[in-house]
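Undergrad: Mind looking at a prediction? Sequence and model below.
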Amino acid sequence: MNAARRDYSVDRRLLPMSGMALLIGAVSTAAAVVLLDLIRLCTNLFYYQTLSLAERAPAGHALGLWAIAAPVAGGLLVGLIARYGSDKIRGHGIPEAMEAILFGQSRMSPKVALLKPLSSGIVIGSGGPFGAEGPIIMTGGSLGSLLAQRLHLTAAERKTLLVAGACAGMTAVFGTPVAAVLLAVELLLFELRPRSLLPVALACACAGFLRTLCFAAGPLFPLHTPPATLAALGSCLLAGLACGGLAALLTWGLYRVEDGFGKLRLHWMWWPALGGLVVGIGGWLQPRALGVGYDVIGDLLNNRLLLEAALALLAVKAAIWLLALGSGTSGGVLAPLLMLGAGLGAALAPALPGGSPELWALACMAGVLGSVLGAPITAIVFAFGLTGDGSALLPLTL
C-alpha cells in the first residue's frame, strides 16, 4: 500500500518537471515546423530546381527519367551523413527512441537532434516514401534528453523529458495530442504514473495549442461516415484479421530486406543510395508513391480513387517503402502505414457489409497501424484525432 501511494503521490519535483515539459512542447513544435519547411525546400530543389518553401508534391515534376536520380542523390547524401556524422540517424525514429530509453539511460546526442531532421528532410524531399512524424519524434526526444542532461536530471526524469519531446513532436505534425499521450503509455514510458504522464500530457497539450499558429486548425483528414449497422459486427472482425495479416506480411518483408542488405559486400553507407534507386524507379512508374503522400491518404479515405489505380499505387508504395526503409535510410513509418491500411480498407470495402467504403478505409488504416506498432489503443484514438469521425469509434475499437 505504501509503495502504491508513493508511486501516485505528488512530490516537489513534479512542478519543475511540468514547467520543463511545457518548454519542450514549444521547442518540439518549432522543430516540427523547421522539419516540414526543410522537406518542402528539398522537394523544390530536387524536383523543381527552385529555392522555395511552397507546398509541392514530387508527383508534379516534369523531369521524366531524370527523376529516378533524385532519390539516389538523396540516399547518397544521407549515407554520407550517417557515416561521418552519426549512424543513429538511420531508421524511422520510434525504435531508436525506445532503444535510448531501455539501453541508453535516455541519453541522446546533440548530433542526433541536428542531423536527424536534416537527413529526413533530404530523404523525404528527394522522394523517399516516408512520413515526417518518425524523424520529429526522434528530434523532439533528443531535445528533451539534451535539456535533461544539461540540467543533470536523474535517469527517470531524462526519460520523462525525452518522451515528452517525442510525443510533442508527433502532436505538432498530426494535431493528435491524446493519441500522442497514449503512444507514450503503450510504447515509451513503460509505466502509468503521474510523475511521468503529467509532464508528457502538458508537453503534448502545449504543442497542440501552438501548432494552430503554424498549421491549419482542425483534423488533418476531416471525415464523417454514417453509423455502422449490425452487419458491421462481423465485417469489423474480418477487417481486423486482414489488417493483422498485412501487418505481419509487412514486418516479415522488412526483416527479409534488412537481412538482404546485410549480406551485401558493400559498406552500409551506400545502401540508402541503392534503396533510392528502387524508389526512383517506383516513382517513375507511380509518381504519387513518392514523398509523404497525405493527399493520397485523403483520397483513399474519401473514396476518390478507382480501385485498380489505388491497388497499383499501393503495391508500388509498399515495395519502395520496404526497400528504402530496409536500406537504413532516415524517415518515418506512420504515414506509409496509414496509406497502406487505408488502401486495404478500400480494397475490402465491396465485400464488407454494414458500413461505407470510407469507414472500412479508416478502420483498416487504424488496424494496420495498431498491429505493426503493437499499440492498438493509440491507433484507435489516433484515427479519431486525424478525422474527427466520432461515429467510427465503435468499429475502430472492434
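TA: It's in.
Undergrad: Show me the longest helix that occurs in the chain.
TA: For the chain, the helix that runs over the most residues, judged by DSSP state H, is helix 14-48.
Undergrad: could you point out which element follows it?
TA: helix 69-84 (DSSP states H and E).
Undergrad: sorry, back to before: now the longest helix of the chain: how far from the chain's centre is it?
TA: Relative to its parent chain, helix 14-48 has a centroid offset of 14 Å by Cα atoms, centre = their mean, to the nearest Å.
Undergrad: other SSEs contacting it?
TA: helix 69-84, helix 110-125, helix 133-150, helix 155-174, helix 194-210 (3 or more Cβ pairs under 8 Å, 6 or more residues apart in numbering; DSSP states H and E). All C-beta spots, glycine's among them, are computed from the backbone N, C-alpha and C.
Undergrad: Return the most buried member of those helices.
TA: helix 155-174 (a mean of 30; mean count of other Cβ atoms under 10 Å).
Undergrad: Average the pLDDT values over stretch 29-41 and round to the nearest integer.
TA: Averaged over stretch 29-41, pLDDT sits at 92.
Undergrad: can you pull the buried residues of that stretch?
TA: 29, 31-33, 35-36, 38-41 (16 or more other Cβ atoms under 10 Å).
Undergrad: returning to that earlier point: now the angle from the longest helix of the chain to helix 133-150?
TA: 140 degrees (axes from the mean of the first three to the mean of the last three Cα atoms, to 10 degrees).
Undergrad: quick one on the thing from earlier: same list (the helices and strands packed on helix 14-48) but as TSV, adding mean pLDDT.
TA: Formatted as TSV, those follow (pLDDT from 0 to 100):
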stretch	mean pLDDT
helix 69-84	93
helix 110-125	85
helix 133-150	83
helix 155-174	89
helix 194-210	93
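Undergrad: nearest to residue 234, of those?
TA: Nearest to residue 234 among the helices and strands packed on helix 14-48 is helix 155-174 (31.1 Å), distances taken as Cβ to Cβ.
Undergrad: so what secondary structure elements neighbour the helix or strand that that closest one is followed by?
TA: Downstream of helix 155-174, the first helix or strand assigned by DSSP H and E is helix 177-183. Packing partners of helix 177-183 (3+ Cβ pairs under 8 Å, 6+ apart): helix 155-174, helix 194-210, helix 376-387.
Undergrad: C-alpha coordinates for helix 177-183, CSV please?
TA: Listed next in CSV are the C-alpha coordinates belonging to helix 177-183 (Å, rounded to 0.1, in the frame of the first residue of the first chain):
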residue,chain,number,x,y,z
PRO,A,177,-2.3,15.2,-28.5
VAL,A,178,-4.4,12.5,-26.9
ALA,A,179,-3.1,9.8,-29.2
ALA,A,180,0.4,11.0,-28.6
VAL,A,181,0.0,10.6,-24.8
LEU,A,182,-1.3,7.1,-25.4
LEU,A,183,1.7,6.3,-27.6
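Undergrad: Sort out which residues of it are buried, please.
TA: 177-183.
Undergrad: With stretch 310-317 instead?
TA: 310, 313-317.
Undergrad: contact partners of it?
TA: The contact list for stretch 310-317 (Cβ atoms under 8 Å, 6 or more residues apart in numbering) reads 129, 282, 285-286, 288-289, 293, 296, 300, 305, 336, 339-340, 343, 346-347.
Undergrad: State the helix or strand in which the nearest residue to residue 69 once chain neighbours are set aside lies.
TA: Once flanking residues are discounted, residue 69 sits nearest to residue 280: 6.5 Å by Cβ to Cβ, 6 or more residues apart in numbering. Using DSSP H and E, residue 280 sits in helix 271-285.
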